[in-house]
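Q: just coords:
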């Protein structure tokens, strides 16, 4: 079963009951569960991003590009590593 929701501090946040995700072709078929971000989640994510920014900047352009390419590869197999 698929799960989707806000990622805060590197982890999926599953607060509350969430909502069912259904197949777009068979609406009666549940394929997963989703959760929505709250204002508190957004605030926490912004604080975490601000704290991580100096280390991200210190990687330099080449280092950041390597990380971004590695993140893209699962979604776009033709991406260069």
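A: Perfect, I can see it now. This one's a predicted model, so the numbers in the text were calculated from it and none came from an experiment.

Q: by contact count, what packs against the lengthiest helix in the chain?
A: Scanning the chain for the helix with the most residues, using DSSP state H, yields helix 39-58. If you count contacts as 3 or more C-beta pairs under 8 Å, 6 or more residues apart in numbering; DSSP states H and E, helix 39-58 packs onto strand 7-8. Any C-beta I mention is one placed from the backbone N, CA and C, and that applies to glycine too.

Q: immediately after the strand it packs on, which helix or strand?
A: As assigned by DSSP states H and E, the chain's next helix or strand after strand 7-8 is strand 11-12.

Q: Would you list the strands that whatever helix or strand comes next after that next one pairs with, along with their directions?
A: Later in the chain than strand 11-12, the nearest helix or strand by DSSP H and E is strand 19-22. Using DSSP bridges, strand 19-22 pairs in its sheet with strand 30-34 (antiparallel).

Q: Right, I'll leave it there.
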